[in-house]
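Asks: Sequence and computational prediction follow.
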Amino acid sequence: MWESASSHPRRRRPSLRALGLLLVLITVGCNEQRSALKGLPPPSKFAGSWMMTVTTPLDACFPPLSGVTCCCPVPIQAEDIAGGLLVRMPANTVMGTVSGNVVTLVEENRWPGDMCVVNASRVWTGVLEGDNRVSGAWNRTVTATGTCDPRFPCQDHGTFSWDRCPDSGCPSVLCLE
């Protein structure tokens with residue numbers, strides 16, 4: 001048997017005014033800073049494109065490099081991620097933490113060999129100086145297991161700086177070392 005249309009309650013459609021108000025609220029909410037959202041930290045001042053210069057005034061682990069200022073400035077990219085900072089360097093990508101104007105990066109490397117395994121841990125700690133420069137120091141500890149070079153374990157250290165690249169991008173550098 002067919003039911004009449006009057007036996008079904010009529011569904012109410014939201015008014016265009018209510019839909020418009022909802023759209024405005026969503027748009028305003030989405031345009032607020034990330035920090036306004038519960039659980040997300042505000043963006044760091046470290047994100048962006050930088051030129052990094054590293055110096056090695058002391059190199060106890062690899063003596064042929066002692067006293068050499070190494071290397072030409074290289075472009076790096078830092079981006080904010082949940083829980084820290086991701087820094088893409090030419091040779092590897094390093095995770096870091098940010099606390100105010102201080103960034104700490106931890107770089108772990110392992111070189112396995114037939115008779116010796118070398119592990120290196122380098123900690124970079126830098127301070128944001130204004131909006132366009134970071135300067136700091138790094139410390140590296142090298143350990144080894146197996147039949148290895150007698151200078152292991154050892155430690156060395158150096159300094160580094162980052163200079164923010166302009167909006168047009170980082171300059172190309174040709175090194176003649």
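Replies: Noted; the coordinates are in hand.

Asks: C-alpha only now, for contacts and for neighbours.
Replies: Will do.

Asks: could you point out which element follows the helix or strand bottoming out on mean pLDDT in the chain?
Replies: Using mean pLDDT, DSSP states H and E, the weakest-scoring helix or strand in the chain turns out to be helix 16-30, at a mean of 51. Using DSSP states H and E, the helix or strand that follows helix 16-30 in sequence is strand 48-58.

Asks: Which secondary structure elements does that following strand sit against?
Replies: Contact here means 3 or more C-alpha pairs under 8 Å, 6 or more residues apart in numbering; DSSP states H and E; on that basis strand 48-58 packs against strand 74-81, strand 154-164.

Asks: what about it, average pLDDT?
Replies: Strand 48-58 carries an average pLDDT of 82.

Asks: now that strand against strand 74-81, angle please.
Replies: 120 degrees (axes from the mean of the first three to the mean of the last three C-alpha atoms, to 10 degrees).

Asks: Which neighbours in the sheet does strand 48-58 have, and how are they oriented?
Replies: strand 74-81 (antiparallel), strand 154-164 (antiparallel) (DSSP bridges).

Asks: So what touches the helix or strand that comes right after the first one?
Replies: Once strand 74-81 ends, the next helix or strand along the chain (criterion: DSSP H and E) is strand 84-88. Where contact means C-alpha atoms under 8 Å, 6 or more residues apart in numbering, the residues beyond strand 84-88 that reach it are 47, 76, 77, 78, 79, 80, 93, 94, 95, 96, 97, 98.
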